[in-house]
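Engineer: Give the three-dimensional model of this entry:
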Amino acid sequence: MTMPHGPRIRRLFPGGNTAYGFYSFYDQIIAPDATRILVIKGGPGVGKSSFMGAIAKEMAGRGFAAEFMHCSSDNDSLDGVVFPEIRVAMIDGTAPHVFDPKNPGCVDEILHLGDYWDEAGITRHKEAILAVNREVGRLFARAYRFLRAAKEIRDAWSTANAEHLRLGATNILADALIGKHLGGLTLADPPGKIRRLFASALTPDGPRNYLPTVFGDARELVVLTGRPGTGPWHRDVRCAPDLRRSRA
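Structural biologist: Sure, this is the predicted structure:
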């Protein structure tokens, strides 16, 4: 499939709602050699997402590449924005994905939008706010229980498919694809860097993705389809322990 060169905007998820609870790739939003990281603090509703989104849209309008990091728990909110060409990021540093400065002053800077909230007005609604937060926590815990149960069913389905997989046929297919698309390339020195983010997410409005923005600038896109467990690496790769070890 030939792909046209797409826009200079990418949309991803730095966190995901999974069978293991909320999982964060916040440390992958921008590389350690960042020029500047602005950590935005402040409670829900103080305008962190709107603030970051407005700046990102302005920067994109001026010709800068921009990455919008969407929140998997709130479809209309952003967890961060990145401007890769100048190695600058703005990141929401509040729960559940607490992000604190690692190099304060020289790289990291804190912007506390909570300094501008109406504390007296918020206090008048204290009991209602506490009740809503308790209900949100209860519903997320329930959702994670359902995801854990769904994983058990999917694992059983995956194992059944893997037991009847013709590995020889998949190896032949893989070899043909490698020869067609990578055969003329040489190995790079040094090797490339790995960056892990979520391309899709389970959100309160159901599964969501922005895949056209992720692959929009690809010259060619190979799409692999199949049921769970049909990948030839199925029996050798164990993702769950890695998730538990690296949880942020």
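Engineer: rest of the way, CA atoms for contacts and neighbours
Structural biologist: Fine.
Engineer: Go through the helix ranked longest in the chain and flag the buried ones.
Structural biologist: Longest helix in the chain by number of residues, with DSSP state H as the criterion: helix 126-163. Buried residues in helix 126-163, counted by 16 or more other C-alpha atoms under 10 Å: 140, 143-145, 147, 158-159, 161-162.
Engineer: Following element in sequence after that helix, please.
Structural biologist: helix 167-181 (DSSP states H and E).
Engineer: Mind giving me the packing neighbours of the helix or strand where A60 lies?
Structural biologist: Using DSSP H and E, A60 sits in helix 48-61. Secondary-structure packing of helix 48-61 (3 or more C-alpha pairs under 8 Å, 6 or more residues apart in numbering; DSSP states H and E): strand 66-71, strand 74-83, strand 88-92.
Engineer: Pipe the ones you listed into a markdown table and attach mean pLDDT per row.
Structural biologist: Below are these laid out as a markdown table (pLDDT from 0 to 100):
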| stretch | mean pLDDT |
| --- | --- |
| strand 66-71 | 96 |
| strand 74-83 | 91 |
| strand 88-92 | 94 |
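Engineer: Deepest-packed of those strands, please.
Structural biologist: Most buried of the helices and strands packed on helix 48-61 by mean neighbour count (mean count of other C-alpha atoms under 10 Å) is strand 88-92; its value is a mean of 25.
Engineer: And R11, its phi and psi?
Structural biologist: Torsion angles at R11 (phi, psi; degrees, to the nearest 10) stand at phi -130, psi 120.
Engineer: So which elements touch the longest helix of the chain?
Structural biologist: By 3+ C-alpha pairs under 8 Å, 6+ apart, helix 126-163 packs against strand 15-18.
Engineer: which ones are touching L12?
Structural biologist: Contact analysis of L12 by C-alpha atoms under 8 Å, 6 or more residues apart in numbering lists 67-70, 197-200, 209-210, 214.
Engineer: rerun that using 7 Å as the cut-off
Structural biologist: Shown in contact with L12 (C-alpha atoms under 7 Å, 6 or more residues apart in numbering): 68-70, 197-199, 210.
Engineer: ok, now P228?
Structural biologist: Shown here is P228, whose contacts under the criterion C-alpha under 7 Å, 6+ apart are 157-158, 161.
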